[in-house]
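In: sharing a sequence plus its predicted fold:
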Amino acid sequence: MNSTDRRNFLRNLGVSAASIPFVAGLPSLGHAQTKGPRKRLVVMFSPNGTIPKNFWPDQTGNDFSFKEILKPLQPWKEQTLLLKGVHNMVGGDGDRHMRGMSCLLTGIELFPGNIQGGSDTPAGWAKGISIDQEIKKHLQSHEATRTRFGSLEFGVGVSDRADPWTRMSYAGPNLPVAPTDDPYRMYRKLYGQLRGKQSVLGIIDQVKEDLKKVSQKVSPEDRQILDEHATLIREMEREFADGKGRSHTSTPALESGIANQNDNLPTLGRMQIELLVNSFVNDFARVATLQYTKSVGQARMNWLDIKEGHHGLSHEPNNNEDAVKKLTKINNWFAGELAHLVKRLSETPEPGGEGTLLDNTIVVWTNELGKGNNHTLNDIPFTLVGGGLNFKMGRSLNLNGVAHNRLHLALAHGFGHHLETFGNPKLSQGGPLDLS
């Protein structure tokens, strides 16, 4: 069934145009399937370094134990790959927070500029494309892997301020990609141009009825996919009914929204995760980023009973046991959000294929620093979870000081994109890391 016949079939069922994005990709409606598994990438970011002694396992190989920060990943230990000894060796202009953030996925220096950070030389944007956008470009260049959006950039508590501390994705030199940190705006982007609370609620009601109609005409496997869509719809409806259907983006014109932003981070993050997973089900994109706050992020984790700003805490000395305890708790919370994303991927069937979304998705959790109080760019905490790229998982490795450009090359090669270098060519020497 071609796309025109499929849409006519759905309209003959009385399905509205607003519902078509939710159902047009169902395998039993004849949606064209990619040969082989759909490989996907998610890069999740949290800021201000980690607490190494509570993060890195004492053991290497497959016989390792999670330390306190990573314990939420215990159910997925066999699908986790920890990479110690991966350094961001990019030098040049900008302070380490700036280079840690804007060179994290680009692996190349920042342009000279007038943005001053700390006592270092001022700098501008990165000089090259980021690995998520490079992989997107590769996938979009082939009809079999082309999707509606190519990539989606989700934010959680990222302010509208645009500078090298807030951007990790780059479409090219001097082309930062802004994450969308308002889930309602992301919802409109994915599922149609909706205007106003009553309009949104009306569309939601229509889509709910349409999903019921279609579920009677499709396979049991597709019904499970439709159930996933229905869950998202119910969640969005509940949020609007609770009076939360307003933008949460931190814009100067919405001062009340700014006041509420910080305490909404847990809810916003879970909403973004639902949208991310749902976008994969619909094959809207095969590359996504999920950015929690930003470099030098000062979120106050009131939901963890922590009142100090995250960045300020990260500067406390090693002998401040209270700060270490709180930073461990913060990073454990981020690991818990990663675990929730992994769980949602693991319980969502692969549309038209075998297994789950997680089986064909690699999630990379990372940070702009190895440790906050010394601003080191060594031992950047790279945690990989999932499948999809034929990496050998269930291991903790110490790579003893390799450039993170080589990890990016491994990711690209995993998608069949056989780059010889990425970012700064000198930092690509040795080629892609062998993670098989």
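Out: Cool, the structure landed.
In: show me the helices in the stretch 251-400 of the chain, by range?
Out: 255-261, 265-281, 310-314, 321-346 (DSSP state H, counting those that start in this stretch).
In: please report the distance of Ser279 from His229.
Out: 11 Å (C-beta to C-beta, to the nearest Å). The way it works is simple: take the backbone N, C-alpha and C, and place the C-beta from them, glycine included.
In: buried stuff in stretch 174-192?
Out: 176-177, 179-184, 186-187, 189-192 (16 or more other C-beta atoms under 10 Å).
In: what's the offset of that stretch from the middle of its chain?
Out: 13 Å (C-alpha atoms, centre = their mean, to the nearest Å).
In: what's the mean pLDDT across that stretch?
Out: The average pLDDT within stretch 174-192 is 88.
In: then stretch 299-312?
Out: 96.
In: likewise stretch 134-143?
Out: For stretch 134-143, the mean pLDDT works out to 96.
In: please enumerate the strands of the chain.
Out: For the chain, the strands defined by DSSP state E occupy 40-45, 80-87, 110-115, 123-126, 150-156, 170-172, 175-176, 285-292, 361-366, 382-386, 395-403.
In: how about Ser279, what does it touch?
Out: Phe149, Leu152, Leu190, Ala285, Ala288 (C-beta atoms under 8 Å, 6 or more residues apart in numbering).
In: closest one of the buried residues of stretch 174-192 to Leu433?
Out: Val177 (25.0 Å; C-beta to C-beta).
In: next one: Ser28, what pLDDT does it get?
Out: Ser28 carries a pLDDT value of 59.
In: start the count at 25 instead of 1 going forward.
Out: Okay, residue one is now 25; in that scheme the one you just asked about reads as Ser52.
In: before we move on, the earlier item: buried subset of the contacts of Ser303?
Out: Among the contacts of Ser303, the ones that count as buried by 16+ other C-beta under 10 Å are Phe173, Leu176, Leu214, Ala309, Ala312.
In: Serialize the contacts of Ser303 to a markdown table and add fields for distance to Asn384.
Out: Listed next are the contacts of Ser303 as a markdown table, based on distance: C-beta to C-beta, whole Å:
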| residue | distance to Asn384 |
| --- | --- |
| Phe173 | 18 |
| Leu176 | 17 |
| Leu214 | 20 |
| Ala309 | 14 |
| Ala312 | 13 |
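In: pick the one among these closest to Lys95.
Out: Ala312 (25.1 Å).
In: which phi and psi does Ser89 have?
Out: The phi and psi torsions at Ser89 (degrees, to the nearest 10) take the values phi -120, psi 140.
In: ok, now which ones touch it?
Out: Contacts of Ser89 (C-beta under 8 Å, 6+ apart): Pro81, Asp82, Gln83.
In: can we see that at 6 Å?
Out: Pro81 (C-beta atoms under 6 Å, 6 or more residues apart in numbering).
In: just to revisit the earlier point, got JSON lines for the helices of the stretch 275-424 of the chain, with distance to Gly124 too?
Out: As requested, the helices of the stretch 275-424 of the chain are arranged in JSON lines below (distance: least, C-beta to C-beta, whole Å):
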{"stretch": "helix 279-285", "distance to Gly124": "23"}
{"stretch": "helix 289-305", "distance to Gly124": "21"}
{"stretch": "helix 334-338", "distance to Gly124": "12"}
{"stretch": "helix 345-370", "distance to Gly124": "16"}
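In: and the strands of the chain, which one averages the lowest pLDDT?
Out: strand 134-139 - the lowest mean pLDDT of those, at a mean of 93.
In: tell me what that strand is packed against?
Out: Contact analysis of strand 134-139 by 3 or more C-beta pairs under 6 Å, 6 or more residues apart in numbering; DSSP states H and E lists strand 147-150 as its packing neighbours.
In: pull out the buried residues from the strand it packs on.
Out: Quick answer for strand 147-150 (16+ other C-beta under 10 Å): Ala147, Gly148, Trp149, Ala150.
In: and the two most separated of the residues you listed?
Out: Between all members of the buried residues of strand 147-150, the farthest pair (by C-beta to C-beta) comes out as Ala147 and Ala150, at 9.3 Å.
In: per-domain residue ranges of the protein.
Out: What automatic domain parsing lists as the domains of the chain is 25-56+207-270, 61-205+288-452.
In: distance to Asp458 for these - can I get that in TSV?
Out: Below are these laid out as TSV (distance: least, C-beta to C-beta, whole Å):
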stretch	distance to Asp458
domain 25-56+207-270	34
domain 61-205+288-452	8
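In: hey, which of these is tucked in deepest?
Out: domain 61-205+288-452 (a mean of 20; mean count of other C-beta atoms under 10 Å).
In: next, the distance between the ends of it.
Out: End-to-end distance of domain 61-205+288-452: 28 Å, with C-alpha to C-alpha, to the nearest Å as the criterion.
In: what's the answer for stretch 87-94, then?
Out: Chord length of stretch 87-94, first to last residue, is 15 Å (C-alpha to C-alpha).
In: stretch 444-453 too?
Out: Terminal-residue distance, stretch 444-453 (C-alpha to C-alpha): 9 Å.
In: need the helix or strand of the protein with the lowest average pLDDT.
Out: helix 279-285 (a mean of 36; mean pLDDT, DSSP states H and E).
In: lowest average pLDDT across the domains of the chain?
Out: domain 25-56+207-270 (a mean of 65).
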